[in-house]
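> show me how the following folds:
(2 chains)
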Amino acid sequence: MIFHRKVLQTASLVIAVFGSLAFQAVFAFEAYITNERSGDLISIDEEGRQIHSQAICKRPRGMVKGLGAHQLLIACSDDNKVIELNTQTKKIERTFNELYGAMTLAIHRPTNRLFVSNEGGAQATVVDLISGNALAVLPTGLEPDGIAVSDDGATIYVASENAGLVHVFDALSYEQTAVIVTHLRPRRVALLGDQLWVSSEMGSRVEIFSTTTFNKIDEVIFAPKGFRIEQLTPVDILFDKTGNLAFVALGAANHVAFVNVNSLEVEKYILVGRRAWGLGLSPDNESLIVLNGLSDDFTIIDIASRRPRVTRQAGLIPHAIEVFE
Amino acid sequence: MKTIVVLCLLFTMSFAAQGAEFHITIVTTSDLEEPIRGQSFAGIQTQVERPVHRAAELALFESKTIYDIFGIKPELKALDLDSSVDYQSQLATISPNSLVIVDTPEEPFIELANTLNKLNLVTVNVRHSNPDLREDLCLGTLYHTIPSDRMYFDALVQFLIFSNWRKVLVVHGPSSIDQARTKTLVESLSKFGADISDIREFSLSRHPDDRDNNKPEFITGGASYDVVAVIDTARDFGRYFQYRTRRPRPVVGDIGLTPRGWHRTLERYGAPQLNERYRVFDDASVLPASEAMSDSEFATWSAIKLITNSLNTIGLNNGLLDVAAILKNPDAQVDLYKGTRGSIRGWNHQLRQPILLTTADAVIAVAPMPKFLHPRHYVDTLGLDEPESSCRLDRVE
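Numbering: from 1, shown residues only, chains lettered A, B, ... in the order given. Reported below is the predicted structural model:
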């Protein structure tokens, strides 16, 4: 009997090992997560299993994919720098220094430019990724966070949390061309066609502005069951690949909202962890990954069925996520 | 290149760069100030006694970007009153439509608030947590950005109930203010269903006959409790309670776990940036890392930021920054760096805000605590709610 059980155990172990090896070869995606308090970077697969972990820098926050297929750019806020990680070798290959309080990153690949919001200073910095030189410093209100660049590389948007503004800059002359007054504490900016979506963390809403007139077009107000309006503190906004669905992480309301982009109706609220803020989308458009900043975990949601699939532990204060194929 | 200012609220652009004025006056009575030393003759300082001016400067520093866009020119004045001269004539020099921040002891405060009300000047209490000033004074021009004791104690009691420390031994000092604040604490304990094991008065006399009431070990004996709540406004004796209670129990209230409006160690909600900025924004006087805004300073900062943030939520009124109208508008909201925005309670003009439960070097919790729910406003489980308040300023007019 004992012998028999051992055989079974060994057999199941062998299956488990082979199973995981086989699985690792075919995982649908690898998502990198920065943990701002533990100062590390982890990667996970579509079931939330950890693939990789490494100490990375002080207070890693925003990320963006670099110019190359295996490049990941990471903002190291307390080191005042941005680093470029090779996701195959896991080595830091380049460092862009003197980026004070680097927080959120955006990239324009055709012109090899990186855009960095400098939360600790009242500015954003444009970096040439080829030479590594700073091309321009864009003055903003205090605590700049969300940053975005238009697809044609002509316009840069930077949200100032403290001032309640989105600064609009010409991306050629680097002159400020407009200022959009938002509701309180604008966090993230996301472009969709000729619309600019801005999450207002202390205004408990997402405001939508025209990128041609900069006028406010509309707004999305949230109301998940059991929460008062002040508890709705939206941060990340993400559009799915079809451009018909927007995902909004609702912060202290512990939910993520699925918003119909055309009707602006909230189609579904999904309960996740505490202070949901960072969002990532799988390349196959099937999974949404939500980072929960107060419960130090992440939730993977099946987009088609609109159900959470798994919640697992992250590092301390998971902040941002980038998903690779 | 010309900068286009785009306002996305429902008002016209006619104001643009016309130079709306924003007058702020900080009123003090320095000849009536006495440092809070309690009965301690050794001159031991236990509370921050910094003027609120720095916090006002910080709020204006933060507001510069948006003031420039709206063409607002702020003017911060300090008015130190001579208590031997009639207040009204001195206060009459304040520009109409000013935000008047009053940072004086309570006695002159009441007189000043009444006089400022007669002068129709918007007045902000940044110093006194006495609930009576919200209930009995109840003036149309008076606002309170410092939390009331009811808010502080409601926050503390929510934490006790949440922690399942329901049996509370209350120890208070003999002064009339300690007795009044104890009454407020007891109201909070009753509101949330705590079990008061006893209420005892501490004696400052060291005479052996008084030892049942002047030794922490004795005054906390002969009772069953989960926690000792100490009310000691002047910090005369409470400092000696921790580690000296008869039973090994936590101490809360004015000592130990203390409810606060602001704290230097709040780690979330952007608070580290605000704390850092407070220390370093003025190149000429950078403060050490141990310093942070006191609750009065935070209340001053909040009052000015409420006006600043109204530019985002309300906008100008025909090109003017109408302080009185802004404060009466339910859309007046302020980003408090505490995870939930602040706004004004219409009935007694108290700034609703989360309360921090703190030790010397940590924020243990941010109230409202989980599961304390309010039908309308998330933070209105803290302090006198609309049906409980006798002040009904929202019904006047």
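
> residues near A:Lys91, how many?
A:Lys91 is flanked by 10 other residues according to other C-beta atoms under 10 Å in any protein chain shown. C-beta here means a position set from N, CA and C on the backbone, and glycine is covered the same way.

> partner residues bridging the residue in the stretch 151-300 of chain A positioned nearest to chain B?
For the stretch 151-300 of chain A and chain B, the shortest gap (C-beta to the nearest C-beta) falls at A:Lys216, measuring 3.3 Å. For A:Lys216, the beta-bridge partners under DSSP bridges are A:Phe209.

> my read: it touches A:Ile208, true?
Yes: in this structure A:Lys216 lies within contact range of A:Ile208 using C-beta atoms under 8 Å: 7.1 Å.

> give the pairing partners of the host helix or strand of A:Ser117; include direction for each.
If you go by DSSP states H and E, A:Ser117 is part of strand A:113-118. Its sheet considered, strand A:113-118 pairs with strand A:102-108 (antiparallel), strand A:123-128 (antiparallel) by DSSP bridges.

> which bits of the stretch 201-325 of chain A sit near chain B?
Selection of the stretch 201-325 of chain A residues close to chain B by C-beta under 8 Å from any C-beta of the partner chain yields A:202-204, A:207, A:209, A:213-216, A:227-231, A:233, A:252, A:294.

> for the buried ones among the residues you listed, write the corresponding PyMOL selection.
Per 16 or more other C-beta atoms under 10 Å in any protein chain shown, the buried members of those correspond to this PyMOL selection:
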select buried, chain A and resi 202+203+204+207+209+214+216+227+228+229+230+231+233+252+294
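
> around A:Phe96, how many other residues sit close by?
23.

> got it, and the one 10 residues further on?
The number of residues packed around A:Ala106, counting by other C-beta under 10 Å, is 22.

> now the helices for the stretch 151-300 of chain B?
Remark: helices assigned in the stretch 151-300 of chain B by DSSP state H, counting those that start in this stretch are B:176-191, B:211-214, B:216-219, B:271-280, B:295-313.

> out of the residues of the stretch 201-325 of chain A next to chain B, which sit inside strands?
Judged by DSSP state E, the subset of these located in strands is A:Glu207, A:Phe209, A:Lys216.

> where does A:Pro60 fall, phi/psi-wise?
Here is the backbone geometry of A:Pro60 (degrees, to the nearest 10): phi -70, psi 130.

> got it, and B:Glu107?
phi -60, psi -60.

> same check, this time on the one 10 residues further on
In terms of degrees, to the nearest 10, the main-chain angles of B:Asn117 are phi -60, psi -40.

> now for it: which residues touch it?
Neighbour list for B:Asn117: B:Thr123, B:Leu139, B:Gly140, B:Thr141, B:Leu142 [criterion: C-beta atoms under 8 Å, 6 or more residues apart in numbering or on different chains].

> let's see 6 Å
Contact analysis of B:Asn117 by C-beta atoms under 6 Å, 6 or more residues apart in numbering or on different chains lists B:Leu139, B:Thr141.

> any idea of the angle the helix or strand hosting A:Trp197 forms with strand A:205-210?
Here A:Trp197 sits within strand A:195-200, counting by DSSP H and E. Angle, strand A:195-200 to strand A:205-210, by axes from the mean of the first three to the mean of the last three C-alpha atoms, to 10 degrees: 150 degrees.

> just to revisit the earlier point, Serialize the ones in strands among the residues of the stretch 201-325 of chain A next to chain B to CSV and add fields for pLDDT.
Formatted as CSV, these follow (pLDDT from 0 to 100):
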residue, pLDDT
A:Glu207, 98
A:Phe209, 98
A:Lys216, 97
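
> how far away is the closest residue in space to A:Glu325 that isn't next to it in sequence from A:Leu191?
Of all residues not flanking A:Glu325 in the chain, A:Pro283 sits nearest, at 4.7 Å (C-beta to C-beta, 6 or more residues apart in numbering or on different chains). Remark: distance between A:Pro283 and A:Leu191 (C-beta to C-beta, to the nearest Å) = 20 Å.

> what's the answer for A:Leu41, then?
27 Å.

> then A:Ile130?
Taken as C-beta to C-beta, the span from A:Ile130 to A:Leu191 is 24 Å.

> the two - which one has more neighbours?
For A:Ile130 versus A:Leu191, neighbours defined as other C-beta under 10 Å are more numerous around A:Leu191 (17 against 10).

> quick one: which helix or strand includes that one?
strand A:186-192.

> quick one: buried residues of that strand?
Buried residues in strand A:186-192 (16+ other C-beta under 10 Å): A:Pro186, A:Arg187, A:Arg188, A:Val189, A:Ala190, A:Leu191.

> and if you look at stretch A:112-122?
By 16+ other C-beta under 10 Å, the buried positions in stretch A:112-122 come out as A:Arg113, A:Leu114, A:Phe115, A:Val116, A:Ser117, A:Asn118, A:Glu119, A:Gly120, A:Gly121, A:Ala122.

> now that stretch, how far from the centre of its chain.
How far stretch A:112-122 lies from its chain's middle: 15 Å, per C-alpha atoms, centre = their mean, to the nearest Å.

> I'd like the mean pLDDT over that stretch, please.
The pLDDT scores in stretch A:112-122 average 95.

> what's the answer for stretch B:116-131, then?
97.

> and that stretch, how far from the chain's centre?
With C-alpha atoms, centre = their mean, you get 13 Å for stretch B:116-131.

> first-to-last residue distance for that stretch?
One end of stretch B:116-131 sits 20 Å from the other (C-alpha to C-alpha, to the nearest Å).

> next one: the nearest residue to A:Val82 once chain neighbours are set aside from B:Gly221, what distance?
Excluding the flanking residues, the one nearest A:Val82 by C-beta to C-beta, 6+ apart is A:Phe96, at 4.4 Å. Going from A:Phe96 to B:Gly221 by C-beta to C-beta gives 65 Å.

> just A:Asn285 next, same as before
In terms of C-beta to C-beta, A:Asn285 sits 68 Å off from B:Gly221.

> for the closest residue to chain A within the stretch 151-300 of chain B, give me the pLDDT.
Nearest residue of the stretch 151-300 of chain B to chain A (C-beta to the nearest C-beta) works out as B:Gln273 at 5.8 Å. Predicted confidence (pLDDT) for B:Gln273: 94.

> contacting residues around it?
By C-beta under 6 Å, 6+ apart, the neighbours of B:Gln273 are A:Glu143.

> for B:Asp154, same thing?
B:Ser188, B:Leu382.

> that older thread, need the max-distance pair from the buried residues of strand A:186-192.
Maximum pairwise distance among those (C-beta to C-beta): 15.1 Å, between A:Arg187 and A:Leu191.

> for B:Gly253, grab the count of nearby residues.
By other C-beta under 10 Å, the residues close to B:Gly253 number 26.

> hang on, it packs against B:Thr233?
No: applying C-beta atoms under 6 Å as the test, B:Gly253 and B:Thr233 come out as separate, 10.3 Å apart.

> next helix or strand past the least confident helix or strand in chain B by mean pLDDT?
One helix or strand of chain B scores below all others by mean pLDDT, DSSP states H and E: strand B:4-6, with a mean of 56. Of the helices and strands lying after strand B:4-6 in sequence (DSSP H and E), the nearest is strand B:20-28.

> can you give the contact residues for that following strand?
With contact meaning C-beta under 6 Å, 6+ apart, strand B:20-28 is reached by B:53, B:72-80, B:94-95, B:98-103, B:316, B:320-321.

> out of those residues, which sit inside helices?
B:His53 (DSSP state H).

> which of the contacts of strand B:20-28 count as buried?
Here, 16+ other C-beta under 10 Å leaves B:53, B:72, B:74, B:76, B:79, B:94, B:98-103, B:316, B:321 buried among the contacts of strand B:20-28.

> need the residues you listed in a markdown table (columns: distance to B:Val170 and pLDDT).
Compiled in a markdown table, these are given as follows (distance: C-beta to C-beta, whole Å; pLDDT from 0 to 100):
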| residue | distance to B:Val170 | pLDDT |
| --- | --- | --- |
| B:His53 | 37 | 97 |
| B:Ile72 | 48 | 96 |
| B:Pro74 | 45 | 97 |
| B:Leu76 | 42 | 98 |
| B:Leu79 | 40 | 97 |
| B:Ile94 | 42 | 96 |
| B:Ser98 | 42 | 97 |
| B:Leu99 | 38 | 98 |
| B:Val100 | 37 | 98 |
| B:Ile101 | 34 | 98 |
| B:Val102 | 31 | 98 |
| B:Asp103 | 30 | 97 |
| B:Leu316 | 49 | 93 |
| B:Leu321 | 46 | 94 |
